[in-house]
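>>> need a structure here:
(chains A and B)
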Amino acid sequence: MNENLFASFAAPSMMGLPIVVLIVMFPSILFPTPSRLINNRLISIQQWLIQLTSKQLLAIHNQKGRTWALMLMSLILFIGSTNLLGLLPHSFTPTTQLSMNLGMAIPLWAGTVITGFRYKTKASLAHFLPQGTPLPLIPMLVVIETISLFIQPMALAVRLTANITAGHLLIHLIGGATLALINISATTAFITFIILILLTILEFAVALIQAYVFTLLVSLYLHDNT
Amino acid sequence: MLQNLVKSVWVPMKPYYTQAYQEIWLGMGLMSLIVYKIRSADKRSKALKGKIFASSKGGGQKTPSYFLRTRCPMA
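Predicted coordinates for the structure are as follows:
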């Protein structure tokens, strides 16, 4: 039972070769490149969604922050599509791997911090001490603010990993429970099946929300530093 | 194929890779440094465990000193 529960999170391989790279690159082929001024319905819907999201995300940014528009939109599309594809049965979700999420969070967070120190050094250093702090509390607050700064990439990565992993585990468990209850009590199995359906709908929402939260937080860190 | 790759990827993305994402490249360097440190520490601890296990199987041999264990993993 223990081995089966976490078997779906193991990195997949085919004939001894790891195929994680192929799985990570797969969502990009689901977003066709617009090649005409007026495109077909699918590409038009895609463009409309991207425009809607980018307007919402980039409204708070200045000119410097808007140079990250492509990065932020790619991030939300990648995480959203990867999470949604992971809800297909027997599929592997790269965003359940902490290594993958740290690989996204650390460079982006470090990029925002380095941008802040490069272009607005005084303002970036001033973030380590909130305004109006009493004099005796200054050393402690500087330490606390430094810790909270370095926790940011860890929190970004762990939040995404934990949410997606927990959802998949719950689906696995409740699906197993439904199957086990079919022979014991059909009514209980039916109720469990309804719970499974509701949970799957929730997981669809969580997949999109987590992508938005990750991107929004990176956008906010960038806003603080530009 | 390389020419096609340059025309379709490098040419449109050049201002991003060379100017907009400079800080992100630094962040990727920091991340690769962290990965390297973690991997080398893991290798060192596995080598040390193997050495301690081998020495305990041999019997009667002293455990390597703290200095040897932390500074000379291959000693």
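
>>> contact partners for the nearest residue to residue A:61 once chain neighbours are set aside?
Once flanking residues are discounted, residue A:61 sits nearest to residue A:223: 6.1 Å by CB to CB, 6 or more residues apart in numbering or on different chains. For the C-beta atoms, the positions are set from N, CA and C on the backbone; glycine is no exception. Counting by CB atoms under 8 Å, 6 or more residues apart in numbering or on different chains, residue A:223 touches A:60-61, A:65.

>>> so for the helix or strand harbouring residue A:223, mean pLDDT?
Using DSSP states H and E, residue A:223 maps to helix A:186-225. Average pLDDT, helix A:186-225: 95.

>>> any buried residues in it, and which?
A:189, A:192-193, A:196, A:199, A:203, A:206-208, A:210-211, A:213-215, A:217-219, A:221-222, A:225 (16 or more other CB atoms under 10 Å in any protein chain shown).

>>> contact partners for the residue of chain B found nearest chain A?
Nearest residue of chain B to chain A: residue B:27, at 3.1 Å (CB to the nearest CB). When contacts are counted by CB under 8 Å, 6+ apart, residue B:27 touches A:106-111, A:114.

>>> would you tell me what the next helix or strand after the least confident helix or strand in chain A by mean pLDDT is?
Here the helix or strand of chain A ranked lowest by mean pLDDT, DSSP states H and E is helix A:2-7, holding a mean of 69. Once the chain leaves helix A:2-7, the next helix or strand it forms, by DSSP H and E, is strand A:13-14.

>>> ok, the next helix or strand along the chain from that next one: who's next to it in the sheet?
Using DSSP H and E, the next helix or strand after strand A:13-14 towards the C-terminus is strand A:17-18. Here strand A:17-18 is paired, per DSSP bridges, with strand A:13-14 (antiparallel).

>>> distance from the chain centre to the partner strand, please.
Centroid displacement of strand A:13-14 relative to its chain, using CA atoms, centre = their mean, to the nearest Å, is 25 Å.

>>> mind telling me which residue of chain A is nearest chain B?
For chain A, CB to the nearest CB, closest residue to chain B: residue A:110, 3.1 Å.

>>> surely residue A:85 touches residue A:28?
No: look at residue A:85 against residue A:28 with CB atoms under 8 Å: they stay out of range, at 11.6 Å.

>>> low pLDDT regions in chain A?
A:1-3 (pLDDT under 70).

>>> now do the helices in it.
Here chain A has its helices, by DSSP state H, at A:2-7, A:20-25, A:41-58, A:69-85, A:98-119, A:121-126, A:138-182, A:186-225.

>>> name the residues that touch the fifth one?
If I follow you right, that is helix A:98-119. A:24, A:64, A:71, A:75, A:79, A:94-95, A:123-125, A:127, A:149, A:152-154, A:156-158, A:160-161, A:214, A:218, A:221-222, A:224-226, B:21, B:23-24, B:26-28, B:30-31, B:34.
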